[in-house]
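> Could you look at this predicted model? Sequence included:
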Amino acid sequence: MNKKSLLSLIILLLLQLTLQAASPLGTAFTYQGRLTDNGSLANGNYDLRFSLYDAVIAGGQIGPDLTNAPVAASNACSR
């Protein structure tokens, strides 16, 4: 393989990686944790509210709160 072909291949691979990185993300996410209500595992329907912040400590909120329709919870503990 000559230098020109090798350079073209490297540029093509870098372009492919750049295009993959620019793909839009989906809206789904996974949560692991425990939902409690007054110290007990949650049972019943709960309105969940999500907020996004730009830092873990003293961060500013990005965008509005998002609220889901009531979500059913039964002994809400994820392992």
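Right, received. Where do you want to start?
> can we go C-alpha only for contacts and neighbour counts from here?
Fine.
> so Ala55 sits in a helix?
No - the assignment for Ala55 (DSSP: H, G, I helix; E, B strand; the rest coil) gives coil, which keeps it out of a helix.
> Let me see the contact set for it.
For Ala55, the contact set (Cα atoms under 8 Å, 6 or more residues apart in numbering) is empty.
> which stretches of this protein form strands?
Using DSSP state E, the strands of the chain run over residues 36-37, 40-41, 43-46, 49-53, 61-67, 71-74.
> average model confidence for the fifth one?
Taken as a whole, strand 61-67 carries a mean pLDDT of 90.
> With the second one instead?
Confidence for strand 40-41, expressed as mean pLDDT, is 86.
> that older thread, would you turn the strands of the chain into TSV with mean neighbour count?
As requested, these are exported to TSV (neighbours: other Cα atoms under 10 Å):
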stretch	mean neighbour count
strand 36-37	12
strand 40-41	12
strand 43-46	13
strand 49-53	11
strand 61-67	10
strand 71-74	12
